[in-house]
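following is a predicted model, sequence given first.
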Amino acid sequence: VSLVSLVLYLPSCILSLALIFLRFHLFLFLFVFFFFSLFLLLVFFFFLMIRRPPRSTLFPYTTLFRSSPQGGDFKLNATSIGPVPLEVTRNDIILAEDFRLKVYASTKSARVRAFKPNGYGQSHFHGLNWYDPDPAFKVMARIEPVAPDTVIMPTSAGLTQEYVRHSKLHFQIAGTDHTLTMFAPASDPDAYGFIPFTDETTADETYGGGRYLDMELPADDQTEIELDFNLAYNPLCAYVPHYNCPIPPAENDLTVKMRAGEMIYEKH
């Protein structure tokens, strides 16, 4: 009888020991896995913090960007500054302690950008890149007046800006005919001529968001105007993505390599 009992009892003992062994190793595995995962997470956040570039502008301000609906609160870091005014106009400036707050308004929202003098960007600015001046890109253009219809241009900040078509400018580069539309600000159509454009250097040798030309508006009886592409410059969004820059319309996409004016920042 004792031998039969032993034979029946032995498997249950072995099974119990096996379960204890498995539970111990499972606990050990989970323990090691938890702390190893925690270690990897800490290492990841460490490298993320040391590799994170400073939030800054190119020029003398460090930018902290927040946006909210009109009438809502906006903040600098975690500190509430106050409500966005319900009635704001483009380029309104609010002063708050050491910051200059600039308001950008559109139909449905207002965006507030905070600038702090003497920021990181000022000490790390090493100059801009330009093509060598080339007289071949300084040409006369024939002016074709057009009806002054309003154009809503989308911007890099997801807002819109209103411009008025002023005229079509017809010119030649390297024996090839080209046309650009000159615009004027809808808020002040007599202020200046504005030509946002892209060309076959865009996103390669020059900024991917296009470049701008500014000039005086021609007189009513003027039939030609000088276009100097050596003066083409990058929008501020080429340096800092938080600016509100109009995107050149498709009608101003040139099928030529316009190797004149400002080049892409920090690439050449």
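On my side now, so go ahead. Residues are numbered from 1 along each chain as shown.

could you use CA atoms for every contact and neighbour count after this?
Noted.

residue contacts, the nearest residue to residue 181 once chain neighbours are set aside?
If the residues on either side of it in the chain are set aside, residue 181 comes closest to residue 168, at 4.6 Å by Cα to Cα, 6 or more residues apart in numbering. Residues near residue 168 by Cα atoms under 8 Å, 6 or more residues apart in numbering: 143, 144, 145, 146, 179, 180, 181, 182.

any idea what the first one is bridged to?
Just to be clear, that refers to residue 143. residue 169 (DSSP bridges).

hmm, it is touching residue 220, no?
No. Taking contacts as Cα atoms under 8 Å, residue 143 lies outside contact range of residue 220: 10.3 Å.

between these two, which one's more packed in?
Legend: neighbour count by other Cα atoms under 10 Å for residue 143 and residue 220, higher for residue 143 (21 against 7).

and the more buried one, what's its pLDDT?
pLDDT for residue 143: 97.

for residue 216, same thing?
So, for residue 216, pLDDT stands at 94.

how far away is the closest residue to it other than its chain neighbours from residue 177?
Leaving aside its sequence neighbours, residue 216 sits nearest to residue 192 (Cα to Cα, 6+ apart; 5.1 Å). Between residue 192 and residue 177 the computed distance is 25 Å (Cα to Cα, to the nearest Å).

more crowded one of the two?
Taking other Cα under 10 Å, residue 192 and residue 177 do not tie; residue 192 has more neighbours (15 against 10).

which ones are touching the more buried one?
Contacts of residue 192 (Cα under 8 Å, 6+ apart): 184, 185, 214, 215, 216, 217.

need the phi and psi values for it.
phi -170, psi 160 (degrees, to the nearest 10).

please report how far it lies from residue 166.
10 Å.

cool, residue 199 as well?
Residue 199 is 21 Å from residue 166, by Cα to Cα.

the more surrounded of those two?
A side-by-side neighbour count of residue 199 and residue 166, using other Cα under 10 Å, places residue 166 first with 25 against 18.

skipping adjacent residues, who's closest to the more buried one in space?
residue 183 (5.1 Å).

give the bridge partners for that neighbour, please.
Bridge pairing for residue 183 - DSSP bridges - gives residue 165, residue 194.

for stretch 146-153, buried residues please.
For stretch 146-153, a neighbour-count test (16 or more other Cα atoms under 10 Å) marks 151, 153 as buried.

quick check: end-to-end length of that stretch?
Note: stretch 146-153 ends 18 Å apart using Cα to Cα.

same question for stretch 143-154.
26 Å.

kindly report the same for stretch 126-143.
For stretch 126-143, the end-to-end distance is 39 Å (Cα to Cα).

before we move on, what about stretch 203-214?
With Cα to Cα, one end of stretch 203-214 sits 21 Å from the other.

list of residues touching that stretch?
192-199, 202, 229, 231-235, 237-238, 247-248, 262-265, 267-268.

mind listing which of those residues are in strands?
Mapping the contacts of stretch 203-214 onto strands (DSSP state E) picks out 193, 194, 195, 196, 197.

count the neighbours of residue 212 for me.
Neighbours of residue 212 (other Cα under 10 Å): 21.

repeat for residue 140
By other Cα under 10 Å, neighbour count at residue 140 equals 15.

and it, how far is that from residue 170?
Counting by Cα to Cα, the gap from residue 140 to residue 170 is 9 Å.

residue 251 now?
Taken as Cα to Cα, the span from residue 251 to residue 170 is 13 Å.

same check on residue 243?
Taken as Cα to Cα, the span from residue 243 to residue 170 is 31 Å.

do the same with residue 39
Taking Cα to Cα, one finds residue 39 at 64 Å from residue 170.

these two: which is more packed in?
Counting neighbours by other Cα under 10 Å for residue 39 and for residue 170 shows that residue 170 has the greater number, 17 against 11.

how about the nearest residue to that one, chain neighbours excluded?
Residue 170 sits nearest to residue 179 (Cα to Cα, 6+ apart), 4.6 Å away.

tell me the helices and strands packed up against the helix or strand containing that neighbour.
Element membership for residue 179, per DSSP states H and E: strand 176-185. The helices and strands touching strand 176-185, judged by 3 or more Cα pairs under 8 Å, 6 or more residues apart in numbering; DSSP states H and E, are strand 160-173, strand 193-197.
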